[in-house]
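Q: with the input below, show me the fold.
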Amino acid sequence: MAADPDPSPLDAHLGYWLRFVSNHVSHGFTLKLAARDVTMAEWVLLRMIYAHDVGAPNRLARDLGMTKGAISKLVDRLVGKGLAAKAQMASDRRHQDVWLTPAGRALVPELAALADAHDAEYFGHLSAAERETLETMLRDIVKRRGLAELPVD
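A: Model (predicted):
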């Protein structure tokens, strides 16, 4: 009887290395956001609303790949922190608009600068060409696999 072949080691897989780096990058940024009393999911939602001035929860849910219930809870947390506001439309009480308060609008550029600096901590050593190659390869995987949900945790 033939001996079982040795299974491949964990670190023989690209997925292992992607996860290794991703976990450290994400965890480090999560800690930096927590120091500002913002979660990763809240940051992603703040940035999405900032980009569109006003957001409808159903559109935000679709764009983020989340349920309307999850978006509603996030919006309520942002409202509770004074970073967002919401109101129902008088003509259709089922429709809500969500927008950032002045405090929320002021916070987004600060958090974006924090994200930029954090990105530089991990990837700043790469040349522009290396960074472009890495991003192109990752975007190609996203496209080929049809990945749509934004990473929010």
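Q: can you give the contact residues for the least confident helix or strand in the chain by mean pLDDT?
A: Ranking every helix and strand in the chain by mean pLDDT, DSSP states H and E puts strand 54-55 at the bottom, with a mean of 76. If you take C-beta atoms under 8 Å, 6 or more residues apart in numbering as the criterion, strand 54-55 is touched by Met48, Ile49, Asp97, Val98, Trp99. Quick note: C-beta positions are derived from backbone N, CA and C, even for glycine.
Q: report how many residues lie close to the closest residue to the last one other than its chain neighbours.
A: Leaving out its chain neighbours, the residue that sits closest to Trp99 by C-beta to C-beta, 6 or more residues apart in numbering is Val54, at 4.7 Å. Other residues near Val54 number 12, with proximity taken as other C-beta atoms under 10 Å.
Q: quick check: the gap between Leu134 and Lys81.
A: 35 Å (C-beta to C-beta, to the nearest Å).
Q: can you check Asp140 too?
A: 37 Å.
Q: higher neighbour count, these two?
A: Lys81 (15 against 10).
Q: OK, contacts around the more buried one?
A: Shown in contact with Lys81 (C-beta under 8 Å, 6+ apart): Asp37.
Q: any idea how far it is from Ala128?
A: Distance from Lys81 to Ala128, by C-beta to C-beta: 37 Å.
Q: same question for Lys143.
A: 22 Å.
Q: what is the neighbour count of Leu10?
A: 11.
Q: typed the wrong thing, it's Ile49
A: 22.
Q: show me the shaky parts of this structure.
A: Residues of the chain meeting the criterion pLDDT under 70: 1-2, 89-94, 152-153.
Q: what about the strands in the chain?
A: Taking DSSP state E to define them, one finds strands in the chain at 54-55, 84-88, 96-100.
Q: could I get those strands as a markdown table with distance to Asp76?
A: Converted to a markdown table, these look like this (distance: least, C-beta to C-beta, whole Å):
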| stretch | distance to Asp76 |
| --- | --- |
| strand 54-55 | 14 |
| strand 84-88 | 8 |
| strand 96-100 | 10 |
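Q: nearest to Leu10, of those strands?
A: strand 54-55 (40.8 Å; C-beta to C-beta).
Q: list the strands paired with that closest one, with their directions.
A: strand 96-100 (antiparallel) (DSSP bridges).
Q: identify the residues contacting the strand it pairs with?
A: So strand 96-100 is in contact with 46, 49-50, 53-57, 60, 75, 83-89, 108, going by C-beta under 8 Å, 6+ apart.
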